[in-house]
Structure formats: structure tokens, C-alpha cells
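> Predicted model, plus sequence, below.
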Amino acid sequence: MTRLIFLGPPGAGKGTQAQALAKSCHIPHISTGDILRQALSARSPLGIKAQGYMDRGELVPDQLVQDLVEERLNQRDTQAGWILDGFPRTVSQAEFLDSLLQKLQHHNVRVVNLDVPDDVLMTRLLSRGRSDDNEEVIRRRLEVYRGDTTPLIGYYGDRQQLVFINGNQSLEEVNAALQKVVAS
């Protein structure tokens with residue numbers, strides 16, 4: 001049974017790799033962005049709450065994101081496994097997730113950190129050509145990511161759940177490394 005949490009900075013390839021691995025393992029790829037979009041389009045009670053924050057240009061509060069993650073992990077298709085991408089982002093979210101997974105009896109969770117040097121991330125993100133991807137904004141996003149996620153790496157490392165993958169390889173080489181994690 002494959003249950004993976006993907007960590008990694010913007011531009012590390014988390015979404016791309018998570019989608020490919022989820023497809024090959026026949027399990028859902030769960031991204032918090034997708035959860036929010038699905039809740040909004042379904043007009044679920046949680047989606048309606050989230051819409052209010054987003055309409056005001058505010059961040060969706062942790063509790064609401066946690067409720068959405070809980071709702072998604074309670075769905076039937078997650079029983080055979082899942083890949084979680086974009087959550088948790090903080091130690092408090094990781095503690096919530098640990099408690100939730102225990103309650104749901106989802107055990108043997110591995111945490112994959114896609115490790116990519118900042119200069120490579122910068123090149124990747126600038127090449128996407130998005131209007132909000134300029135060097136200053138990217139550097140700030142990487143700082144925020146490192147500030148939020150460094151404690152997570154320690155958190156999961158202390159629990160012997162963390163696996164580092166060199167994300168500075170070809171898509172195929174990263175995918176092969178991830179397949180080895182799944183097989184182990």
C-alpha cells in the first residue's frame with residue numbers, strides 16, 4: 001500500500017512526479033489546490049466557506065484546509081493508498097495529519113523530499129514564463145518555503161519517515177527513484 005507525502009520547493013517537480021506515480025500505482029494524487037477547486041465547484045459546505053475567504057483575497061485558514069484534507073482522505077478511493085502534495089506545510093499541520101491518519105488507520109506513510117538546488121529551481125521557474133514568476137518573487141517564495149518546511153524535514157526525519165530524492169535529474173530518473181521508494 002502506497003501512502004506518500006511529497007515535500008519540495010516550488011519548481012521541484014512535485015506535482016508532475018506525484019501525478020505520474022499516482023497513475024502507475026492506481027491511487028489518487030491529492031493536492032490541496034485540487035481539493036479546494038473541487039470543493040468550490042461542488043459547492044460543498046467547506047467549499048462555500050473557502051470561497052468567502054478567497055473572494056476577500058485572504059488565505060484559507062489552516063482549520064478549513066485541514067477540514068478539507070480530512071474530508072478528502074475519508075473518501076473511498078483513498079483506502080488503497082494516496083499521494084499527498086502540498087500538505088502539510090507546517091509542523092502544526094503535520095501533527096494534525098498524524099492524528100487524522102491514526103484515526104483513519106492509514107499507516108506506513110513515507111515522506112518524500114524532492115531536493116533541488118536553488119539555482120536550478122530559479123531556472124525552472126523563470127522558464128515557465130508566468131507573469132508572477134520573476135527572480136525577486138521566486139527568491140521570496142523559496143525563503144518562505146524553506147522557513148516553513150525546514151522544521152517539517154526535522155519532524156519527519158525524527159520519525160524515520162523521511163526519504164530524500166535528488167530532484168535535479170531527468171524526469172525518468174526521479175520517477176525511477178520514486179518507484180524504488182514505493183517498492184521498499
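Noted; the coordinates are in hand.

> Secondary structure element holding residue 64?
helix 62-73 (DSSP states H and E).

> cool, residue 5 as well?
Residue-wise, residue 5 maps onto strand 2-7 under DSSP H and E.

> Report the next helix or strand after that strand in sequence order.
That would be, after strand 2-7 and using DSSP H and E, helix 14-25.

> Return the backbone torsion pair for the residue of the chain most remote from its centre.
If you look at how far each residue of the chain sits from its centre, by C-alpha atoms, centre = their mean, the farthest one is residue 56, at 24.7 Å. Phi and psi for residue 56, reported as degrees, to the nearest 10, are phi -90, psi 0.

> show me the contacts for it.
Applying C-beta atoms under 8 Å, 6 or more residues apart in numbering to residue 56 gives no contacts. Bear in mind the C-beta positions are built from the backbone N, C-alpha and C, glycine included.

> circling back: could you list the residues in contact with the strand holding residue 5?
14, 17-18, 21, 25, 27, 81-88, 97, 101, 106-114, 149, 152-153, 156, 181-182.

> In strands, which of those residues appear?
Per DSSP state E, strands hold the following members of the contacts of strand 2-7: 81-85, 110-114.

> now those residues as a markdown table including distance to residue 5, neighbour count and pLDDT?
Output for those, formatted as a markdown table (distance: C-beta to C-beta, whole Å; neighbours: other C-beta atoms under 10 Å; pLDDT from 0 to 100):
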| residue | distance to residue 5 | neighbour count | pLDDT |
| --- | --- | --- | --- |
| 81 | 12 | 19 | 95 |
| 82 | 9 | 25 | 97 |
| 83 | 8 | 25 | 97 |
| 84 | 5 | 26 | 96 |
| 85 | 8 | 23 | 93 |
| 110 | 7 | 16 | 97 |
| 111 | 5 | 23 | 97 |
| 112 | 7 | 27 | 97 |
| 113 | 9 | 21 | 96 |
| 114 | 11 | 23 | 96 |
